[in-house]
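Undergrad: here is my input, please return the structure:
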Amino acid sequence: MKRRGTVLLVLLVVEILAAMYGIVVIRHGFSAADAPSSLERVMFRTVRNLGIPRSDKDSKNPLTPTPELMHEARENFTNHCAGCHGLDGNGRSGVGQNLYPKAQDLRVPATQNLTDGELHYIITNGVRHTGMPAIGNPHMGEDVNTAWKLVLFIRLIAQSTLQEKAEQTTATQSAHYVGSAACQKCHAEIYERWKKTPMANVVRDPREHPDAIIPDLATNNVSKKFTKDEVAFVYGSLWKQRYFTKIGDDYFPEPAQWDVINKAWRPYKVADGTDWWVKFYPSDNMQRPTGPTCDGCHSVDYNIQTKQVAEWNVGCERCHGPGSEHVENATRGNVLNPARMDYVSATDTCIQCHSQGRPLSSPIEGKYYDWPVGYHVGLNLRDYWQLEDHKLGELTFTHFPDGTAHKNRMQGNDFVQSVMYRRGVTCFDCHDVHGTGNYAQLRKPANQICMDCHGPGSRNGPREATLAEHTHHKEGSAGSDCVACHMPKIEVTIPGVFVRSHTFAFLTPAMTDKYKIPNPCTSCHSDKTTAWATEAMRHWPEQSPWRE
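TA: Below is the predicted model of the structure:
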């Protein structure tokens, strides 16, 4: 009788709890936008895990990660998983946050503590009563290893554990810089790609690289002549090339630069009233050393006291921290990886140099620096660097009146204003700094990258059925390129040569009339007026009349 009474009491308690839960649901509604309770999360995860057969739990991943396999894994994840879980697995996508239960953050211990076999089973079979579909054939039509590749990618994006973070802090304090060549042994494929990138070749010594100087220096007709023997370093090769001479232990820019695009010589001098630091230096180029103005971004670990660097160019340790301990004994705990950081810290790795700003403390030891002295990856950039401020409505050297960047090296200033940044997208979701065969080291051709998240009819837009309907240009034409409208070339690198905006906002012809900022319509249709472009857009059926 006593046992029967206990059972009845337990059943009564369960019924009361169920009734209480039912009352809560009735009173608050049953919205998929709500977050599941702790009880629900525990119950569903327990049921899910109990439903995985022991043989599957113990399965080992038959695939060994290689650069080629990881590329395929990233592609599979982007195509099939990122719509809910986000590009980096954080679960913060628009769809993922409106599921019930929410799309999981795949980077955290709740997922990472599952075995490879458990992850594989969940990916292959999906999870009932959630938005998680089965990826098994014939659902996807993928090869039999697709799920195992996705397991590899999920392991790749794991956040650093507290222990690893502690180890990383210790390593960055005790390790020293060893140079990018030390990374080649274990990361040969990545190293070979990086060696061909602009990052690896922004600074070149013409004695080591005889082909570094692009033009015939004797044809310089815009300044005093200088010879190859006087050139200590060549800076740049994509849009412009500048030439630095060495005097004592400092480098100084020659007063001429080569316009790579137009194949012409142009004077080089930072004019008064432009960069903030100009007023603190004499007008003569030979009294403006590149250490305070340039070298901190074009090197690894520039020392402002000794004026020495660990390595010229943007080497591996610029983004991954000093590598001596990792080279000696490679673990995730003794190297920094922006891919495992939160989106702010990850993007700051790029913003430290791809932005216009000034140090929070200035001058530093009597000099005015145009780069974040003291910052290195792993620290908080905001403690060292302030992006250039802007007042809406004003056209300045750095900004258009609407706040869009006015000049080059301001991708960071643009990007932090964008919706994509606020959604947790990082620079390397689109670019691979290790090098690709695509323009600007993009992971894929531009339209393909955009379409990964913005396919026709998607929640993220465009909302039209086809790209041609969205752009009102024939598919495959210049006007149908996503970047043509959302990343127009309006930011000045040298007179007449422009680079792309990174706000991703569409600048309308009306904004040109109001704020004198270039718009992509009449920049392309240069023989037309803003009135013509505005009238044409008025007849686009999906264009809101309230958005000029």
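
Undergrad: how many residues are close by the residue nearest to residue 33 when sequence neighbours are not counted?
TA: The shortest distance from residue 33 to any non-neighbouring residue, by Cβ to Cβ, 6 or more residues apart in numbering, is to residue 98 (5.6 Å). Every C-beta, even on glycine, is put in place using the N, C-alpha and C of the backbone. Residues within reach of residue 98, counting by other Cβ atoms under 10 Å, total 15.

Undergrad: so residue 98 touches residue 32, yeah?
TA: Yes - counting by Cβ atoms under 8 Å, residue 98 touches residue 32, with 6.0 Å between them.

Undergrad: ok, the closest residue to residue 347 other than its chain neighbours - contacts?
TA: Nearest non-adjacent residue to residue 347, counting by Cβ to Cβ, 6+ apart: residue 426, 5.1 Å away. With contacts defined as Cβ atoms under 8 Å, 6 or more residues apart in numbering, the neighbours of residue 426 are 88, 338, 343, 346, 347.

Undergrad: for the stretch 201-350 of the chain, which spans come out with low pLDDT?
TA: Nowhere does the stretch 201-350 of the chain drop to pLDDT under 70.

Undergrad: need the helices for it, in chain order.
TA: For the stretch 201-350 of the chain, the helices defined by DSSP state H, counting those that start in this stretch cover 290, 316-320, 324-328, 343-351.

Undergrad: list the buried residues in the longest one.
TA: Along helix 343-351, the positions that meet the burial threshold by neighbour count (16 or more other Cβ atoms under 10 Å) are 343, 345, 346, 347, 348, 349, 350, 351.

Undergrad: the third one now?
TA: Buried residues in helix 324-328, defined by neighbour count with 16+ other Cβ under 10 Å: 325, 326, 327.

Undergrad: got it, and the second one?
TA: Within helix 316-320, the residues that qualify as buried by neighbour count (16+ other Cβ under 10 Å) are 316, 317, 318, 319, 320.

Undergrad: picking that back up, backbone phi and psi for the residue nearest to residue 347, please?
TA: Residue 426 has phi and psi values of phi -110, psi 170 when expressed as degrees, to the nearest 10.

Undergrad: what do you get for residue 493?
TA: phi -100, psi -50.

Undergrad: quick check: it vs residue 411, distance?
TA: 12 Å (Cβ to Cβ, to the nearest Å).

Undergrad: these two: which is more packed in?
TA: residue 411 (23 against 18).

Undergrad: find the nearest non-adjacent residue to the residue minimising distance to the centre of the chain, please.
TA: Nearest to the mean C-alpha position of the chain, by Cα atoms, centre = their mean, lies residue 427 at 1.0 Å. Using Cβ to Cβ, 6+ apart and skipping the chain neighbours, the partner closest in space to residue 427 is residue 350 (4.4 Å).

Undergrad: where does the prediction get shaky in the stretch 401-548 of the chain?
TA: Where the stretch 401-548 of the chain drops to pLDDT under 70, the residues are 546-548.

Undergrad: hey, where'd the strands end up in it?
TA: Taking DSSP state E, counting those that start in this stretch as the criterion, the stretch 401-548 of the chain contains strands spanning 489-494, 497-500.

Undergrad: pull out the buried residues from stretch 179-195.
TA: If you call a residue buried by 16+ other Cβ under 10 Å, then stretch 179-195 has these buried ones: 180, 182, 183, 184, 187, 190, 191, 193, 194, 195.

Undergrad: same deal with stretch 459-467?
TA: Residues 460, 462, 464, 467 are the ones in stretch 459-467 that count as buried (16+ other Cβ under 10 Å).

Undergrad: after the helix or strand harbouring residue 9 comes which helix or strand?
TA: Assigned by DSSP states H and E, residue 9 belongs to helix 2-28. The helix or strand immediately downstream of helix 2-28 is helix 38-50, counting by DSSP H and E.

Undergrad: with just CA atoms, put that next one into CSV.
TA: C-alpha atoms of helix 38-50 as CSV (Å, rounded to 0.1, in the frame of the first residue of the first chain):
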residue,chain,number,x,y,z
SER,A,38,15.2,25.0,-18.8
LEU,A,39,13.0,22.0,-18.1
GLU,A,40,12.2,21.6,-21.8
ARG,A,41,15.8,21.9,-22.9
VAL,A,42,16.9,19.3,-20.4
MET,A,43,14.0,16.9,-21.4
PHE,A,44,14.5,17.3,-25.2
ARG,A,45,18.2,16.9,-25.1
THR,A,46,17.9,13.9,-22.8
VAL,A,47,15.4,12.2,-25.2
ARG,A,48,17.5,13.1,-28.2
ASN,A,49,20.6,11.7,-26.7
LEU,A,50,18.9,8.5,-25.5
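
Undergrad: and that helix, what other elements does it pack with?
TA: The helices and strands touching helix 38-50, judged by 3 or more Cβ pairs under 8 Å, 6 or more residues apart in numbering; DSSP states H and E, number zero.

Undergrad: residue 149 - nearest residue in space that isn't next to it in sequence?
TA: Closest residue to residue 149 apart from its sequence neighbours, by Cβ to Cβ, 6+ apart: residue 73 at 4.1 Å.

Undergrad: whoops, I mixed them up, residue 312
TA: Using Cβ to Cβ, 6+ apart, the closest residue to residue 312 is residue 203 (4.5 Å).
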